Structure formats: structure tokens, C-alpha cells
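**Student:** need coordinates for the following:
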Amino acid sequence: MNAFPRWMRLCCCVFALATTSAVMSSALWAFQRDLLEEAAPGNAAAPQNPAVDPNTPATDPAVMPRIEESFFSRMVRTSGIFGFLILLIGLVMVFLIFIDMLELRRENYLPDPFLEHFERLLNEKNYQAAYEAAKTNDSFIGRVLAGGMARINGGYDDVLQGMQEAGDEEALAMEHSIGYLGLIASVAPMIGLLGTVYGMALTYHQVASAASLTVRPYELGDGIAMALFTTLQGLAVAIPAVISHSLFRNRLAKFVMEAGHIGEQLLRRFQGMNRITTTATTAPVTRWSPTTTTVTATPEN
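**Tutor:** Sure, this is the predicted structure:
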């Protein structure tokens, strides 16, 4: 049932890290290139500030040219390490959503061809072949039925217990995968909030350490931009993660409940079977097991 092994998930995370690094590096490199071009000597395209006295030294930040940035490049530059982490988490979230969408399909949990084949074998009283078919089928219902039939010698109660244990084990593995989306939904806004607090603290530090009572707006721009952009990025990752986690969890619960109902209906024919036991005073009774080819346990109906 698990179409994506652990090594493939690890490769997806590594690819997400490489993609995040490439995006951040390209945006910062583009900004540095524009900065060098604008600051080059003799560049007539550099914007001037007419409100400033021409006799003011060129090293004054008030007369230095302001670089026009796009929304994306400013977001990447000002977000810093917080934006890098949120972007990385967002790419991992996209891969997890894609993987879970492929795994949480009906054919992976309740394949109709297998159910028809298994029911036909039960109707033919070929219980050994039915067990082998369930054991070799890589689906949720197949493992549930195999877990129940493996304990058929213990009676119907043991059959139900075996199906319950197998279903819980498979459902727990899938819930563990879906739980990563819930973790991302909790961590992403926290990282965004951390960036918000850091950006505001940086802004207040610039105000407090200003040499004069007048603080230029562009001097506070980076801190405020970090505060707003990291909040935006954290929410942009958390919202789809919350929605996906809720949808996938509900779909998994539906499949598990339906699989339990179908398994109970298929194996109800063993309801009248009693536990097979052996004692020292009686001859040994041949037990039904996956390795034997003869079935001695026959249900009443």
C-alpha cells in the first residue's frame, strides 16, 4: 500500500532543500547585480532626490540612489533566514500533499477486483487460497483480511481481534505520514511569528539608535518588511497544510471504517467456529495454518 518508500521521501526533502537554496540565491544575486549596476560611476539612470541640497556629500544616505525592487525580490531579501525556512517547509508540504494524494486512493485501500476474487474463493470454501490471496495483496483490506484469517484456528473472536490489530497497525502508519502536515501547519506560522518579532525588534533598534530625532522611512523599511513578509509566508504555508491535513485524515477514517465493515461481512461465515485446542489425552488436531494446504476447520454455515 505504501507506494513511496522512505528513501523516495528523503530524496524529495533533499530536492526541496536544493530548490529553496536556488530560489533564494538567484533572488539575492539579482538584487546585488542591480545594486552594482545602479551604483556604477557615470550611470545617468540613477534616480536623484531633488529635495536634497546639491552640496550635500554623495556619501549621505539621503542622496544615494534607491534601487527599485520587485515585490518578490524584496520579499526574498528582507525575509532572511526565516523566509528560507518557511520556503523550505512549504516545498516539503507540497511533496507530502502530492504523496498522500496518491496513497489515499480507493484502489490502495479497497480494490474491487481483489474483493471479488477473495469472496469467490470463500464461496468455494478454498480458505487456504483466500488467505494466500489476501497475504500477497498489497492493500489495506488485504492486510486486514490476512491478519484475521491467520488467527482463524482461535475462533471467530480471534479473527476479529486479528483484523483489528492489522487495521490499527496500517492506519497508524498512514496517520504518521499525515501527521507531518499537521506539524507543518503548527510550525510554519510560528516561524513567521518569530520573523515578525525579530523584524519589529530590528525596527525599534534603528529608531532608538538614530543619531537625530528624524528617522528616514527607508531606514525602517527592511525591519517592517521582514515582519510583514514572514507573517505572510507563514500563513501561506499553514493554511493549505491545515486544509490538507483535515481532508486526508477524514478520508483515511472513511477508508478504515469501510474496510472494517467489509472485512467483518466477508469473515462472518466463520462466526460459528469454536477455538481449536489440543490436549494430552486426545489425538492432535490438525490446525489450519498458512503453510498447510488442507483446511480442517469448517464453519457451520
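
**Student:** C-terminal to the helix or strand of the chain with the lowest mean pLDDT, what's the next element?
**Tutor:** Least confident helix or strand of the chain, by mean pLDDT, DSSP states H and E, is helix 6-38 with a mean of 53. Following helix 6-38 in sequence order, the next helix or strand is helix 71-103 (DSSP states H and E).

**Student:** for that following helix, buried residues please.
**Tutor:** 73-80, 82-97, 99-100, 103 (16 or more other Cβ atoms under 10 Å). Where C-beta positions appear, they are placed from N, C-alpha and C, glycine not excepted.

**Student:** equivalent analysis for stretch 192-202, please.
**Tutor:** For stretch 192-202, by 16+ other Cβ under 10 Å, it's 192, 193, 195, 196, 198, 199, 202.

**Student:** check which helices and strands the helix or strand hosting residue 188 sits against.
**Tutor:** For residue 188, the element it lies in under DSSP H and E is helix 156-208. Where contact means 3 or more Cβ pairs under 8 Å, 6 or more residues apart in numbering; DSSP states H and E, helix 156-208 is packed against helix 71-103, helix 140-149, helix 217-266.

**Student:** could the ones you listed be laid out in CSV, adding mean pLDDT and distance to residue 188?
**Tutor:** CSV is the format used below for the helices and strands packed on helix 156-208 (pLDDT from 0 to 100; distance: least, Cβ to Cβ, whole Å):
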stretch, mean pLDDT, distance to residue 188
helix 71-103, 87, 5
helix 140-149, 89, 30
helix 217-266, 88, 4
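
**Student:** redo those as JSON lines? Include distance to residue 165.
**Tutor:** Listed next are the helices and strands packed on helix 156-208 as JSON lines, based on distance: least, Cβ to Cβ, whole Å:
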{"stretch": "helix 71-103", "distance to residue 165": "21"}
{"stretch": "helix 140-149", "distance to residue 165": "6"}
{"stretch": "helix 217-266", "distance to residue 165": "12"}
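
**Student:** so for residue 124, which of these sits nearest?
**Tutor:** Among these, helix 217-266 comes nearest to residue 124, with 13.6 Å by Cβ to Cβ.

**Student:** which other residues reach stretch 139-151?
**Tutor:** 1, 107-111, 114-115, 118, 127, 130-131, 133-137, 158-163, 165-167, 170, 255-256, 259-260, 262-263, 266-267, 290 (Cβ atoms under 8 Å, 6 or more residues apart in numbering).

**Student:** let's see it at 6 Å
**Tutor:** 1, 109-111, 131, 134-135, 158-159, 162-163, 166-167, 170, 259, 263, 267 (Cβ atoms under 6 Å, 6 or more residues apart in numbering).

**Student:** only the buried members of those residues: can you turn that into a ChimeraX selection?
**Tutor:** Only the buried entries of the contacts of stretch 139-151 go into this ChimeraX selection, using 16+ other Cβ under 10 Å:
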select :1,109,110,111,131,134,158,159,162,163,166,167,170,259,263,267
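
**Student:** for residue 43, give me the pLDDT.
**Tutor:** On the pLDDT scale, residue 43 is placed at 50.

**Student:** how many residues are close by residue 239?
**Tutor:** For residue 239, the neighbour count with other Cβ atoms under 10 Å is 13.

**Student:** then residue 139?
**Tutor:** Residue 139 is flanked by 20 other residues according to other Cβ under 10 Å.
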